[in-house]
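Trainee: Sequence plus the predicted model coming up.
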Amino acid sequence: MERGAAPISAGDRHWRGSARLAVAYALVFGTLATLTDWEAGSLTPGRAALWLGLATAIGLLLMPPRVAAGRGWLAVRGPLCRRAVRTDALVGVRQYDGVSSHLVFRDIDGRRLELDPRVLAANPFLWHEVDTGLRHSLQTGTLCQGVEVLRRLERAIDDEEARAVLKESGMS
């Protein structure tokens, strides 16, 4: 671990499976394209490099962002960049609905982070770290925008957890 880096308290527990699926799709595409080209008798080193490049691009596009949180911070690392915000010093949270629903967090330093709310719903430990920081932002008064969004998200996550518990216990 880097010197001075905050330890990870919670991360997306489904990330590895999603990453393996993205790599598998890219490999299947690259293999099928190369085999089809080879069977047609038109495979050249240049075309093989093209298929390899396209398979790599597909893998990068399908690779899910890696989400991690700790005491007072939330980070999302994609294939090209890493974004982080201080959850204990947030000024606003917005939720955009539509084809791909996402949350946008902004902190007092002006940093911005976008996150799929399903990641928080699927990872209780991650949600706990984020929620702890959000509560601190509310207590200190920095969070001015998005309180209702957070309450809706909290209710949705709590409802989902309750349904999961009831299902596991055989009561529903």
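Mentor: Looks like it arrived, so ask away. Numbering: from 1, shown residues only.

Trainee: so where's the chain uncertain?
Mentor: Filtered on pLDDT under 70, the chain yields the residue ranges 1-8, 172.

Trainee: Secondary structure element for the residue nearest to Arg152 when sequence neighbours are not counted, which one?
Mentor: Of all residues not flanking Arg152 in the chain, Gln95 sits nearest, at 7.8 Å (C-beta to C-beta, 6 or more residues apart in numbering). Heads up, the C-betas are built off the backbone N, CA and C, glycines and all. Element membership of Gln95 [criterion: DSSP states H and E] is strand 90-96.

Trainee: Determine the set of other helices and strands touching that strand.
Mentor: If contacts are counted by 3 or more C-beta pairs under 8 Å, 6 or more residues apart in numbering; DSSP states H and E, strand 90-96 sits against strand 102-107, helix 124-140, helix 147-169.

Trainee: what residues are up against Trp38?
Mentor: For Trp38, no contacting residues are found, by C-beta atoms under 8 Å, 6 or more residues apart in numbering.

Trainee: ok, now with 10 Å
Mentor: Applying C-beta atoms under 10 Å, 6 or more residues apart in numbering, we find Trp38 in contact with 47-48, 51.

Trainee: any idea how far Arg106 is from the closest residue to Gly133 other than its chain neighbours?
Mentor: Leaving aside its sequence neighbours, Gly133 sits nearest to Thr87 (C-beta to C-beta, 6+ apart; 2.5 Å). Distance, Thr87 to Arg106, by C-beta to C-beta, to the nearest Å: 11 Å.
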